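Here's a sequence, model it:
(one chain, ligands or ions: 1)
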Amino acid sequence: MRPVIGITCSLTVSAIGDSIYTLERNIIALDYVRAIEYAGGTPLLIPHVGDIECINQYLGVLDGLILSGGGDIDPLLFGQEPHQNIGSVDCVRDEMELRLTQKALDQDLPILAICRGIQMLNVAAGGTIYQDIASEMPPPTLCHSQQGAGWYTSHTIDILSESRLLQIVGSPTARVNSFHHQAVREVGEGFIVTAKAKDNVIEAIESPTHRFALGIQYHPEMMWERHPEVLNLFTTFLKACR
Ligand code: MN
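Predicted coordinates:
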């Protein structure tokens with residue numbers, strides 16, 4: 001049986017024609033779906049539900065969870081007021097993912113957290129976030145909002161020895177893509193930093209005590225078709241989900 005992998009979604013809001021009414025949609029880039037399907041899992045999209053019974057029921061069905069990319073996390077969730085450079089915030093998504101992630105950690109459900117996902121994983125574990133790398137971290141910081149194609153690997157990361165990420169990547173340095181203006185600040189309880197960019201921006205965290213709880217700041221789902229070795233991240237995650 002293929003493991004069932006929940007993938008959280010983003011929200012888009014658009015006008016209906018010229019009317020004052022808007023249409024809300026939960027969407028997800030198909031890159032996540034294709035990566036999980038190709039690596040041997042069955043993707044299941046998780047919409048933004050508010051009822052805790054729905055969240056519990058999803059957790060009962062899932063063999064693993066992907067926290068996907070998206071907008072910024074409400075800074076009030078980690079005890080900060082909003083920085084002037086904060087981007088779009090979706091507090092409904094935040095609340096749903098926070099409850100889902102905390103329960104998944106409690107139940108030791110495997111989690112692969114991507115981009116915004118690493119930040120949500122860190123906040124769920126009690127950590128904090130740089131709301132805007134360029135204005136909150138000591139300069140000079142690198143460009144973490146690349147303009148190139150999604151598969152283009154624009155900066156280097158250094159990976160901690162004896163980490164799960166090193167086992168997966170197989171090399172102490174790697175090149176990754178970068179589409180974020182925020183990053184992990186203080187690491188959540190039980191997690192360790194396992195990769196950094198050359199400007200000290202945290203690019204990966206993991207829990208040594210969970211079956212699989214790994215967050216990465218880059219987007220492997222956009223990389224694996226051009227960089228086949230990146231698929232190992234998804235296949236290793238799926239092995240932990242069986
Ligand atoms: Mn980066």
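
in the chain, which spans are strands?
4-8, 10-15, 22-27, 42-46, 64-67, 111-114, 129-130, 155-159, 173-176, 183-184, 192-197, 202-206, 213-216 (DSSP state E).

ranking those by burial, who's on top?
Among those, strand 111-114 has the highest mean neighbour count (mean count of other CB atoms under 10 Å), at a mean of 29. Using the backbone N, CA and C atoms, a C-beta is placed for each residue, glycine as well.

do that one and the ion meet?
No. Strand 111-114 is not in contact with the ion by CB under 5 Å from the ion; minimum separation 12.2 Å.

tell me how far the ends of stretch 145-154 are from each other?
9 Å (CA to CA, to the nearest Å).

Also stretch 191-208?
End to end - CA to CA - stretch 191-208 spans 7 Å.

what about it, distance to the chain center?
13 Å (CA atoms, centre = their mean, to the nearest Å).

Repeat that for stretch 80-95.
Taking mean C-alpha positions (CA atoms, centre = their mean), stretch 80-95 and its chain are 16 Å apart.

now stretch 111-119
2 Å.

for stretch 101-112, same thing?
With CA atoms, centre = their mean, you get 13 Å for stretch 101-112.

Buried ones in that stretch, by neighbour count?
Thr101, Lys103, Ala104, Leu105, Leu109, Pro110, Ile111, Leu112 (16 or more other CB atoms under 10 Å).

Going by distance to the ion, which of the residues you listed wins?
For these, the closest approach to the ion (CB to the ion) belongs to Leu112, at 17.2 Å.

can you pull the contacts of whatever residue of the chain ends up closest to the ion?
Closest contact between the chain and the ion, by CB to the ion, is at Ser178 (3.3 Å). Taking CB atoms under 8 Å, 6 or more residues apart in numbering, we find Ser178 in contact with Leu142, Cys143, His144, Ser145, Gln146, Ser154, His155, Ala197, Gln217, Tyr218.

Can you pull the phi/psi pair for it?
Torsion angles at Ser178 (phi, psi; degrees, to the nearest 10) stand at phi -160, psi 110.

rewinding a little: mean pLDDT for the strands of the chain - can I get that in JSON lines?
Shown next, in JSON lines, are the strands of the chain (pLDDT from 0 to 100):
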{"stretch": "strand 4-8", "mean pLDDT": "98"}
{"stretch": "strand 10-15", "mean pLDDT": "94"}
{"stretch": "strand 22-27", "mean pLDDT": "96"}
{"stretch": "strand 42-46", "mean pLDDT": "98"}
{"stretch": "strand 64-67", "mean pLDDT": "98"}
{"stretch": "strand 111-114", "mean pLDDT": "98"}
{"stretch": "strand 129-130", "mean pLDDT": "98"}
{"stretch": "strand 155-159", "mean pLDDT": "98"}
{"stretch": "strand 173-176", "mean pLDDT": "98"}
{"stretch": "strand 183-184", "mean pLDDT": "98"}
{"stretch": "strand 192-197", "mean pLDDT": "98"}
{"stretch": "strand 202-206", "mean pLDDT": "98"}
{"stretch": "strand 213-216", "mean pLDDT": "98"}
